[in-house]
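K.L.:
Quick check, what structure comes out for this input:
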Amino acid sequence: MFPPLTDFVALLGVNLALCAGLLCLPLSRRLPQPAARWLVLLLLISLWWPVGLSAIPMAGYLRGIVSDLSITLVALSCLSLQTRLFGTARLPERERLSLYAVLAVSAIVLYPTALGWGNWDAYRLGWGSLSMQLGLLLVCLASWFVGLRLLPGLTALALLAWSAGLMESNNLWDYLLDPWLAVFSLAYCIKYAIKRLLEKLT
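P.N.:
Numbers count the residues shown, from 1 in each chain. The predicted structure is shown next:
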């Protein structure tokens, strides 16, 4: 029986993120494109294969561990797979840095306040707040004005998915950001800052 749409989207997101993550491992990077494609196909089949008496796909068990992934992370996984499997150009560093910087700042604001630090909860804005939507619009317009396309594109994609109710959550934040993406964004920004600092010192 075909799962509900929200479950299908969540399972597909876990599949794509795991495939993209696998191809980022050092051993996988050495594989030629044909071998990488077969590896991804094998992993996709394995993750969708029913396991146990309940016949739940392996991705379903993994979903219970990692929770639902944001639309932003799933889209970035697709872009990573496209680059690795089909040889398309990698996203410019300027695009990636601007995206991860915005995500890192958002995570620093969102998660502490959502956990009760202070009297203001940023997570509440995700319940259809007009101020949050206007804020996203301003960020996207500013990004577009300076020649950035990745951030506005991913934001628009998350908003479309939120409007269509493609995830179980009704909170816009869950479409834009998740803890895994938050950690990666913070690590990326820290790594970039250290790299630039070392370049100035040498």
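K.L.:
What mean pLDDT does stretch 157-174 get?
P.N.:
Confidence over stretch 157-174 (mean pLDDT, whole number) is 95.
K.L.:
any low-confidence regions in this protein?
P.N.:
Low-confidence segments of the chain, defined by pLDDT under 70, span residues 1-2.
K.L.:
Can you tell me the number of residues neighbouring residue 90?
P.N.:
Other residues within reach of residue 90, judged by other Cβ atoms under 10 Å, total 12. Backbone N, C-alpha and C define where each C-beta goes, glycine included.
K.L.:
so who does the residue nearest in space to the middle of the chain touch?
P.N.:
Among the residues of the chain, residue 73 comes closest to the average C-alpha position under Cα atoms, centre = their mean, at 0.9 Å. With contacts defined as Cβ atoms under 8 Å, 6 or more residues apart in numbering, the neighbours of residue 73 are 13, 17, 178, 180-181.
K.L.:
So which of those residues is the closest to residue 142?
P.N.:
residue 181 (21.2 Å; Cβ to Cβ).
K.L.:
The closest one in helix, strand or coil?
P.N.:
Of the three states, residue 181 takes helix according to DSSP: H, G, I helix; E, B strand; the rest coil.
K.L.:
Skipping adjacent residues, who's closest to it in space?
P.N.:
Once its chain neighbours are removed from consideration, residue 181 has its nearest residue in residue 73; the separation is 4.4 Å (Cβ to Cβ, 6 or more residues apart in numbering).
K.L.:
and the one you found, what element?
P.N.:
Assigned by DSSP states H and E, residue 73 belongs to helix 71-86.
K.L.:
Could you check the angle the next helix-or-strand element following that helix makes with helix 71-86?
P.N.:
Along the chain past helix 71-86, the next helix or strand (assigned with DSSP H and E) turns out to be helix 93-114. Taking axes from the mean of the first three to the mean of the last three Cα atoms, to 10 degrees, helix 93-114 and helix 71-86 form an angle of 150 degrees between their directions.
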